[in-house]
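Undergrad: Fold the following and give me the result.
(4 chains)
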4 protein chains.
Amino acid sequence: MSAPKKVVLAYSGGLDTSIILKWLQTEYGCEVVTFTADLGQGEELEPARAKAELLGIKPENIYIEDVREEFVRDFVFPMFRANAVYEGLYLLGTSIARPLISKRLVEIAAETGADAVAHGATGKGNDQVRFELAAYALNPDIKVIAPWREWDLTSRTRLLEFAEQNQIPVAKDKRGEAPFSVDANLLHTSSEGKVLEDPAVEAPDYVYQRTVHPEDAPDTPEFVEVTFEKGDPIAINGESMSPAEILTKLNELGGKHGIGRLDLVEGRFVGMKSRGIYETPGGTLLLEAHRGIESITMDRGAMHLKDELMPKYAELIYNGFWYSPEREMLQAAIDKSQEHVSGTVRMKLYKGMAQTVGRWSENSLYSEAHVTFEEDAGAYDQTDAAGFIQLNALRLKLLAARDKRNKG
Amino acid sequence: MSAPKKVVLAYSGGLDTSIILKWLQTEYGCEVVTFTADLGQGEELEPARAKAELLGIKPENIYIEDVREEFVRDFVFPMFRANAVYEGLYLLGTSIARPLISKRLVEIAAETGADAVAHGATGKGNDQVRFELAAYALNPDIKVIAPWREWDLTSRTRLLEFAEQNQIPVAKDKRGEAPFSVDANLLHTSSEGKVLEDPAVEAPDYVYQRTVHPEDAPDTPEFVEVTFEKGDPIAINGESMSPAEILTKLNELGGKHGIGRLDLVEGRFVGMKSRGIYETPGGTLLLEAHRGIESITMDRGAMHLKDELMPKYAELIYNGFWYSPEREMLQAAIDKSQEHVSGTVRMKLYKGMAQTVGRWSENSLYSEAHVTFEEDAGAYDQTDAAGFIQLNALRLKLLAARDKRNKG
Amino acid sequence: MSAPKKVVLAYSGGLDTSIILKWLQTEYGCEVVTFTADLGQGEELEPARAKAELLGIKPENIYIEDVREEFVRDFVFPMFRANAVYEGLYLLGTSIARPLISKRLVEIAAETGADAVAHGATGKGNDQVRFELAAYALNPDIKVIAPWREWDLTSRTRLLEFAEQNQIPVAKDKRGEAPFSVDANLLHTSSEGKVLEDPAVEAPDYVYQRTVHPEDAPDTPEFVEVTFEKGDPIAINGESMSPAEILTKLNELGGKHGIGRLDLVEGRFVGMKSRGIYETPGGTLLLEAHRGIESITMDRGAMHLKDELMPKYAELIYNGFWYSPEREMLQAAIDKSQEHVSGTVRMKLYKGMAQTVGRWSENSLYSEAHVTFEEDAGAYDQTDAAGFIQLNALRLKLLAARDKRNKG
Amino acid sequence: MSAPKKVVLAYSGGLDTSIILKWLQTEYGCEVVTFTADLGQGEELEPARAKAELLGIKPENIYIEDVREEFVRDFVFPMFRANAVYEGLYLLGTSIARPLISKRLVEIAAETGADAVAHGATGKGNDQVRFELAAYALNPDIKVIAPWREWDLTSRTRLLEFAEQNQIPVAKDKRGEAPFSVDANLLHTSSEGKVLEDPAVEAPDYVYQRTVHPEDAPDTPEFVEVTFEKGDPIAINGESMSPAEILTKLNELGGKHGIGRLDLVEGRFVGMKSRGIYETPGGTLLLEAHRGIESITMDRGAMHLKDELMPKYAELIYNGFWYSPEREMLQAAIDKSQEHVSGTVRMKLYKGMAQTVGRWSENSLYSEAHVTFEEDAGAYDQTDAAGFIQLNALRLKLLAARDKRNKG
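TA: Model (predicted):
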């Protein structure tokens, strides 16, 4: 790979990506464009502008954008249509944000004539894979620079020295090492590393940042109604909202009731297992509600197929293959299944739990006429079941007859 | 089908199966053998003996058996090795009990020279299918009688008249109709029908029979440790127990903390949707703990394959295909995956929730040496990731290059 | 089911469906509408009109239609996009025609105010299921009459008597029983029953009707080029043709070279196994060519996913679930995968075999630059493979290390 | 990776692996152990011994073994139980040999105290991955040396120079470059590269080495009967043989009739597409026969599940994951399905084609009594089909009713 001339850096404004910024300038002598996105991580973005300017970035090379609506509409919601969970439990909060960031990096590279993009993910994790697969899928000729895999700043001490040598201001509370590493966006907050590295030991309370402790949640349940249209939530308690507003509101509700905490050991794409603490308050409510509305509006055949496809779909997102033909094939199937997934779900929120307690829809396939224990006025003919069972049993009978014959 | 001469009836001792017993005698003039099983439903069995005798069953034709250990060991545990959930949520508590009952019916038929078996499931539900598929798979020549599909006792009034005409004692509290229908065994209690038929309306509190209301559960969390060997739980809080003892203990713990309630609309095999309230306290703990121990002892490749197979496996059990070659194939794969799933999981129980907070095992695949944020002493070479990503990206790059070329 | 008043009958003009026609009139006293479709079965349709008139059908109640283009365009081609084969071998020639016939039956019922449709499939086979599931999926209130399951004309003798009593002309060659049963359309000819019932015995030569014996095929190979656009064939040897023309031409080529014969024992949806002789000359060429063009234009990830989905897709079509949400979901995924499946495949036809010998496309993903054994000018960096392997191996190493440790 | 001290080399005795042998000695100064296996590639092995000795290998460090029986019994047959084909067509002849070679390399390393193994696969292909994943899975601490990825002998000229400088004899016919690259074993011969690199151009005749041209095959068909036990072939034309004998005989028969040629473009695991010419005469017969015996002895449910699992299984073998928990899980399921797959298949071989024409078994599930077009004496009750269809249709009716209602 020839040396990059102009690089678009995913820049948070924090110490690490500031060091990367400076390192790119000094190591490659290249022009740097910064991209700072508001994905709902809950941090001010404007300080990043000042910081970038301080580090010598030209104003026209500083991109600061609020992408929350795009994030939720084009990434989070399509994923929730699939009820995607990785390894049975993880709601993919970090995984789903990476493709959007890469997409903007590549687009900004095209706009600014940059030949490379750079990110601050380490060489051990999944995020490097997600950033880079997405970037290459969108521009096969882009260069991707992953300083953590390249440089020799392999300890905290070396990093701080580099910062000092390069006049990068270091906030006092960043001098020591953080007790764990955090990633956050509108969908979730993840924490991992350091104090969390022993999976036998319960995560300390201070790790949780976004949800109250269930023990501290209100002693009275709260009920919430989520309305869906074609698989996506469009209103809460009857009030229509934009995608990001919906997720924000669900986060607020879930966080208040201590909902959406997960302590997980998961298998990374790079081959090792890691332990993470995830908080996904709104997403947890959304999954429960989406399952609820599907339960009355989606046909069994469609639902079972969808359930079979889901693990593969979740794995693709986890592994960084959002922009792959197979993810798009699965999405086409999933989206097809959502055409009638409209209606409202009522959930009870209490002490860490969200449970569906009611659901209704104009598209409901639930037929009280058929299922009733009462007289059904001919809706269903019970004698049909005899033939249904006989023919489902026929192959089993033939198997059993063979075994009997051969043993006989 | 020629008329049955001797029938083994799945007999609970309750009013409905007593009516069936008498109806078999009068309709077919056949000898009846009763089979009453203790599956952990929490009812005395001996009254069934007296009742059967009262209805003219010969003592040698009365089978009363405690099958709890067999139920948990040979049916519940194998199923939980798969983390089986139907339609994302249902733990299959009723489904998994039916094959065992059918197996004993067919075995008793062989022992007693009976040519038929009979059950008390209606023509609308899944249980008739489960009973009958299992029976036919075990004996292709057995006759199965399903009185609810045959007789004309289609209303409560007619049933009670028949009981009266045949001197079947009717308890006072059985004169009116139950407000909902219940099935129970050591794994779960399910309730459905009548007051539960409108899926928009929250289930009334009195439906729940086995778990306290989360609001009434202890205000202090309780911690429990479950130890597994090859995928099956063998001890709780360090104390070794038999399969049925384990599940009994987990039920007690879960029930006390309001854990394992589910309000679900599901797709029946016979084609309609129904709404059920399920209480699976111990099973819910078991699933959580099993996932937890798998998370550190099971390889990612095995786990993801297992997750992909699970929906099919759950569907087979739900639909009644326990005794089918394809369920046995899946079981062989699942059991193979459990060889190293041994170790202990620590869970926190609180107000309806069970959450894994720690897990450890001699078989752990979690390698702190690899995953650490600290210096890893060469356990992992970060530069490997570059090649890993490049070759994973290659096909995506070739796709992108094609699109670029064709648009260019 | 109340008696039908007006029935649309799938009418071939042959003896059996003529008897059905008359039976419907006499049994139900209902008005009959006949629908006779040209699906490419190679029979004149106009005689059916005369026959229907003779049996008293009003001219406005006689529908005779050439549906070959619709059949190939909307049913055959979408199915071949999936490379669908049932049980590894069967190209679904009969299965795929049934939904179209049912669709027109239901549409004609709507046009003519009929409340029922009728078909001539027996109670043992798959076709009854396919006809009826499709009909119900398109109109949930339609009645379906399956005379073979209802009447008492259960022997050839009874049928002929009924024909005689009702002045239905019986061609001399129909007086005896056919030595096997045939179904044909533009995609295939199937033969089954009677002389074919022993699966150990080779099918006699006279069973084959559409393909020459490979031994009698030309001694010189012939080459053919098929051009695809988005997964569908659009030209043969450079000549553009309509869908039905393409399939007709492929049939001619395949038939001439003895291609597309299959002697199969298959598992019917109703639970028994049956043996069929299939001739699918054009379809066999189409499958080979489609696989060939996919091999250079479709990404590996998409192809492998498609291969995994295919058996389920084929099963759905075989079982009669063309009009089901899950088939439509799979179709959406499959169609998504075909967007770039354009280009040309060259095949060699010889003595029963069609083999791809060349393929080219503007959308080709094959990169000689990458794959070459020669110097590749940096297209591919072989050292990337080391990292790729290391990280793919990591989980296997961790497994092996555990086993070593635990044994040690 | 520290330098290896003693290396077990997969040694063919040919020029390339002789150069590797010498290069290992000179580059690493390490002791070399050679392993030369007879996998049925059709070459004398003893010359490899002389050659190794000439290159200074100690006699006790020269391992020459006939592993044909093990290869067929423990690798080829288990794979054929699955009917494994990669991307719809490739019978995995190269892929399945690699794990065995790696297994012996690792075992010999243990026996001889070697700390490394080495292979002669290039950095572009799948074989490097297969060799190395297998080695690491069997010994996590083994070092693997892949000279083609390391050295600078990147052209034919450089290689020959190195040979000359190191007194490695070069046969005259090896001075020029081969027009394509070949791999062979008892299952197949593959050819790729050079003259085969343009997938649009038909492979020249001289590429085929193991099968006659179909045009040159006998003009008279030959019939062969293959007998299976539990999924594996055990006899041909009634004569019992060992696994390797069976495959040898099938190769002879297939080769004589021009059967088993494949011209394929496939997706490599490393991300590029390549074109290969495969000859798998015996394997092609075996697949056809195995499908044939399964068709009468295997239940539909088992078969369809197996068909769904197959692409994943084939992909795992192709990608080098033979020694992975997920391949073992799938194998457990597949092997379970083969318990009754015993019996005999009769095939017709003619001009490139093998077609099943008869099959019989004591385990047959085919029931002429059920399927017959004649009177079936009550084996099957056609009225059962009505109920079977009604309940299969119910969910489709409910869907259609919803659509009607919502449009109405």
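
Undergrad: Tell me where the stretch 51-200 of chain A has strands.
TA: Shown for the stretch 51-200 of chain A, the strands assigned by DSSP state E, counting those that start in this stretch span residues A:62-66, A:116-118, A:143-145, A:181-184, A:189-192.

Undergrad: List the buried residues of the last one.
TA: Within strand A:189-192, the residues scored as buried using 16 or more other CB atoms under 10 Å in any protein chain shown are A:189, A:190, A:191, A:192. C-beta: built from backbone N, CA, C; applies to glycine.

Undergrad: which bits of chain A sit near chain D?
TA: A:299-301, A:340, A:362-365, A:367, A:370, A:380-381, A:383-388, A:390-392, A:394-395, A:398-399, A:402, A:406 (CB under 8 Å from any CB of the partner chain).

Undergrad: returning to that earlier point: okay, the strands of the stretch 51-200 of chain A, which one's buried deepest?
TA: strand A:116-118 (a mean of 28; mean count of other CB atoms under 10 Å in any protein chain shown).

Undergrad: That one - what's its average pLDDT?
TA: Averaged across strand A:116-118, the pLDDT comes to 98.

Undergrad: What pairs with it, parallel or antiparallel?
TA: Looking at strand A:116-118 with DSSP bridges, its partner strands are strand A:6-10 (parallel), strand A:143-145 (parallel).

Undergrad: Now tell me what touches that strand from outside.
TA: A:4-10, A:20, A:24, A:30, A:102, A:105-106, A:109, A:131, A:135, A:142-147 (CB atoms under 8 Å, 6 or more residues apart in numbering or on different chains).

Undergrad: same question, stretch A:38-51
TA: For stretch A:38-51, using CB under 8 Å, 6+ apart, the contacting residues are A:11-13, A:18, A:34, A:36, A:62, A:64-68, A:71, A:97, A:100-101, A:184-187, A:244, A:247-248.

Undergrad: Flag every buried residue along that stretch.
TA: By neighbour count on 16+ other CB under 10 Å, the buried set for stretch A:38-51 is A:38, A:39, A:40, A:41, A:48, A:49, A:51.

Undergrad: with the buried residues of strand A:189-192 in mind, which one is nearest to residue C:205?
TA: Nearest to residue C:205, judged by CB to CB, of the buried residues of strand A:189-192 is residue A:190 at 69.2 Å.

Undergrad: so what's the closest one up against?
TA: Counted by CB under 8 Å, 6+ apart, residue A:190 has contacts A:93, A:94, A:182, A:183, A:184, A:276, A:277, A:278, A:279.

Undergrad: CSV for those residues, including pLDDT?
TA: Formatted as CSV, the contacts of residue A:190 follow (pLDDT from 0 to 100):
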residue, pLDDT
A:93, 97
A:94, 97
A:182, 93
A:183, 94
A:184, 96
A:276, 97
A:277, 98
A:278, 98
A:279, 98
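
Undergrad: give me the element residue A:263 is part of.
TA: Using DSSP states H and E, residue A:263 sits in strand A:261-267.

Undergrad: residues from chain A in reach of chain C?
TA: A:267, A:270-273, A:298-299, A:301-302, A:304-306, A:312, A:321, A:324-326, A:328-330, A:332-337, A:391-395, A:398.

Undergrad: Inside strands: which ones of these?
TA: Per DSSP state E, strands hold the following members of the residues of chain A next to chain C: A:267, A:273.

Undergrad: Pipe the strands of the stretch 51-200 of chain A into TSV and attach distance to residue D:218 per row.
TA: What follows is those, written out as TSV (distance: least, CB to CB, whole Å):
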stretch	distance to residue D:218
strand A:62-66	73
strand A:116-118	63
strand A:143-145	59
strand A:181-184	68
strand A:189-192	68
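
Undergrad: Figure out which of these is closest to residue C:256.
TA: With CB to CB, the closest approach to residue C:256 among those belongs to strand A:143-145: 55.0 Å.

Undergrad: quick one: contacts for the residue of the stretch 301-408 of chain A found nearest chain C?
TA: Relative to chain C, the nearest point of the stretch 301-408 of chain A is residue A:394 (2.8 Å; CB to the nearest CB). Applying CB under 8 Å, 6+ apart to residue A:394 gives the contacts C:270, C:271, C:272, D:370, D:380.

Undergrad: Please go through these and note which also touch chain A.
TA: By CB under 8 Å from any CB, the members of the contacts of residue A:394 lying near chain A are C:270, C:271, C:272, D:370, D:380.

Undergrad: Show me what the lowest-mean-pLDDT helix or strand in chain A is in contact with.
TA: Lowest by mean pLDDT, DSSP states H and E among the helices and strands of chain A is helix A:368-371, with a mean of 88. Helix A:368-371 has contacts (CB under 8 Å, 6+ apart) with A:376-377, A:379-380, B:124, B:197-198, B:272-275, D:394, D:398.

Undergrad: Angles on the backbone of the residue of the stretch 301-408 of chain A found nearest chain B, please.
TA: Here the residue of the stretch 301-408 of chain A nearest chain B is residue A:382; by CB to the nearest CB that distance is 2.8 Å. For residue A:382, the backbone dihedrals (degrees, to the nearest 10) come out as phi -60, psi -20.

Undergrad: That one contacts residue B:125, doesn't it?
TA: No. Assessed by CB atoms under 8 Å, residue A:382 is found out of contact with residue B:125, at 10.0 Å.

Undergrad: neighbour-wise, which of the two wins?
TA: residue B:125 (24 against 19; other CB atoms under 10 Å in any protein chain shown).

Undergrad: what sits against the more buried one?
TA: Counted by CB under 8 Å, 6+ apart, residue B:125 has contacts B:268, B:270, B:274.

Undergrad: In these, which residue is surrounded by the most others?
TA: Highest count within the contacts of residue B:125 by other CB under 10 Å belongs to residue B:270, 26 neighbours.

Undergrad: wait, isn't that one in contact with residue B:124?
TA: Yes. Between residue B:270 and residue B:124 there is a contact at 6.6 Å, judged by CB under 8 Å.

Undergrad: buried stuff in stretch A:64-79?
TA: Those would be A:64, A:67, A:68, A:70, A:71, A:72, A:73, A:75, A:76, A:77, A:78, A:79, for stretch A:64-79 by 16+ other CB under 10 Å.

Undergrad: Leaving out the residues flanking it, which one is nearest to the third one?
TA: The shortest distance from residue A:68 to any residue other than its chain neighbours is 4.2 Å, reached at residue A:244 (CB to CB, 6 or more residues apart in numbering or on different chains).
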